[in-house]
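**Q** let me see the structure of the following:
(2 chains)
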Number of protein chains: 2
Amino acid sequence: MPREIERKYLLIDERWREQVLRSQPFRQGYLSDHRSGRASVRVRLKGDQGELNIKSLELGSSRQEYEYPIPASEAREMLETLCQGPLIEKTRHWVDYRGQVFEIDEFHSDNAGLVVAELELDREDQPVEAPAWLGPEVTHLPRYFNVALAQRPYCQWSSAEKAGEDAD
Amino acid sequence: MPREIERKYLLIDERWREQVLRSQPFRQGYLSDHRSGRASVRVRLKGDQGELNIKSLELGSSRQEYEYPIPASEAREMLETLCQGPLIEKTRHWVDYRGQVFEIDEFHSDNAGLVVAELELDREDQPVEAPAWLGPEVTHLPRYFNVALAQRPYCQWSSAEKAGEDAD
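**A** Here you go, the predicted model:
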């Protein structure tokens, strides 16, 4: 069973921008409601590539995940006509730190102000070398799930929530 | 935009069984909740073939539809661990009547007793040649959506509902 092991962090400043390898705009939406189901179903357009992704809605760093490429034109139609709630617009930056590649998502529109770093791991107990710009870990907070952001965007969060406090 | 145009009917007797071309067992489940979303997301195992299907939840004979083949092992895992509610188990029979191929679904387990014929059309106003065994049309009744059957199976229906009456 394919599993994604991933930890998620806030960022404390902008120094990571000096280490960006490349960036790409992502536009994504959800065909599922994270409040009722057992999985999220995500449609994503990254550049001119379409993608369908299915992920278990488990809390913690390890989740079951399936990903399938689809035609960009079909992804675009699904985003425009079938997805629930506002779409997620973000720029993904790939940042190298001592051989670890962080994926840093800088959100736009309703989620502007939110920047989150994700690190994919091979195993759950793998040690992470933390760069100076890495902030508090938010892996276990469901409001940071992108599927949750599509329903309750960052612009509606309290200041405690924005600070990464355990308010869920 | 790929659209499926389809009409759905009940059957009044068993005479269609004499015209079956072939049959295949289907097992399917849903990653979406038809009460909250704009699309159904279906995982299906037909024989040893996996399939992911996304369909708009519109009423009427025409719906937007996308279908992607996926590995059977992944379909099986999703059915077992990520789908909502009980799975739909049915046998699909292909039946030829004067060059029109009806897909007749004979449901099992919680939906046992329900048999429905579907006919795919090229356009919405295409005339249908009705065989003698074809019963009332139920295209417009949402309780006959397979995604709805996964949440409120046939064994829970009233007799009026089972007769195809417009009780939704």
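**Q** any idea how far the spatially most central residue of chain A lies from A:V20?
**A** Of all residues in chain A, the one closest to the mean position by Cα atoms, centre = their mean is A:N146, 5.2 Å from it. Distance, A:N146 to A:V20, by Cβ to Cβ, to the nearest Å: 21 Å. The C-beta positions use only the backbone N, C-alpha and C, and glycine is treated the same way.
**Q** cool, A:E161 as well?
**A** From A:E161 over to A:V20 (counting by Cβ to Cβ), the distance is 27 Å.
**Q** for A:S56, same thing?
**A** Counting by Cβ to Cβ, the gap from A:S56 to A:V20 is 30 Å.
**Q** more neighbours: which of the two?
**A** When A:S56 is set against A:V20 and neighbours are counted by other Cβ atoms under 10 Å in any protein chain shown, the residue ahead is A:S56, at 19 against 13.
**Q** for that one, give its distance to A:F145.
**A** Separation of A:S56 from A:F145 (Cβ to Cβ) stands at 11 Å.
**Q** what about the worst-scoring helix or strand of chain A on mean pLDDT, near chain B?
**A** When the helices and strands of chain A are compared on mean pLDDT, DSSP states H and E, helix A:146-149 comes out lowest with a mean of 89. No: for a cut-off given as Cβ under 8 Å from any Cβ of the partner chain, helix A:146-149 has no contacts with chain B; the smallest distance is 12.0 Å.
**Q** ok, the residue sitting furthest away from the middle of chain A - contacts?
**A** No residue in chain A has its C-alpha farther from the mean C-alpha position than A:S73, which lies at 22.6 Å (Cα atoms, centre = their mean). When contacts are counted by Cβ atoms under 8 Å, 6 or more residues apart in numbering or on different chains, A:S73 is found next to A:G50.
**Q** host element of it?
**A** Using DSSP states H and E, the secondary-structure element containing A:S73 is helix A:72-81.
**Q** and the helix or strand following that helix, which strands flank it?
**A** Where DSSP H and E defines the elements, the next helix or strand beyond helix A:72-81 is strand A:84-97. When sheet partners are counted by DSSP bridges, strand A:84-97 sits next to strand A:20-30 (antiparallel), strand A:100-107 (antiparallel).
**Q** could you dump these to JSON lines with mean pLDDT?
**A** As requested, the strands paired with strand A:84-97 are exported to JSON lines (pLDDT from 0 to 100):
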{"stretch": "strand A:20-30", "mean pLDDT": "96"}
{"stretch": "strand A:100-107", "mean pLDDT": "97"}
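**Q** out of those, deepest packed?
**A** Sort these by mean neighbour count, taking mean count of other Cβ atoms under 10 Å in any protein chain shown, and strand A:100-107 sits at the top with a mean of 18.
**Q** how about the residues of chain A near chain B?
**A** Going by Cβ under 8 Å from any Cβ, the residues of chain A near chain B are A:1-2, A:31-33, A:35-39, A:41, A:52, A:54, A:56, A:64, A:66, A:68, A:70, A:74, A:77-78, A:81-84.
**Q** of these, buried ones?
**A** Neighbour-count burial (16 or more other Cβ atoms under 10 Å in any protein chain shown) applied to these gives A:31-33, A:37-39, A:41, A:52, A:54, A:56, A:64, A:66, A:70, A:74, A:77-78, A:82-84.
**Q** for stretch A:106-114, buried residues please.
**A** The neighbour-count check on stretch A:106-114 (16+ other Cβ under 10 Å) flags A:106-107, A:110-111, A:114 as buried.
**Q** thinking again about what came up before, kindly reformat the strands paired with strand A:84-97 as a markdown table containing distance to B:E6.
**A** Formatted as a markdown table, those follow (distance: least, Cβ to Cβ, whole Å):
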| stretch | distance to B:E6 |
| --- | --- |
| strand A:20-30 | 26 |
| strand A:100-107 | 40 |
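**Q** out of those, which gets nearest to B:R7?
**A** Closest approach to B:R7 among those (Cβ to Cβ): strand A:20-30, 30.5 Å.
**Q** how much space separates A:I104 from chain B?
**A** To chain B, A:I104 is 28 Å away according to Cβ to the nearest Cβ, to the nearest Å.
**Q** now A:A163
**A** In this structure, A:A163 and chain B are separated by 31 Å, where distance is defined by Cβ to the nearest Cβ.
**Q** how close does that residue sit to A:N111?
**A** 16 Å.
**Q** and for A:A72?
**A** 23 Å.
**Q** one step back: how about residues contacting whatever helix or strand comes next after the least confident helix or strand of chain A?
**A** Tracing the chain C-terminally past helix A:146-149 and defining elements by DSSP H and E, one meets helix A:159-162 next. Residues outside helix A:159-162 that contact it (Cβ under 8 Å, 6+ apart) are A:113-114, A:143, A:154, A:167.
**Q** now do helix A:159-162: distance to the chain's middle.
**A** Remark: helix A:159-162 is offset 18 Å from the chain centroid, using Cα atoms, centre = their mean, to the nearest Å.
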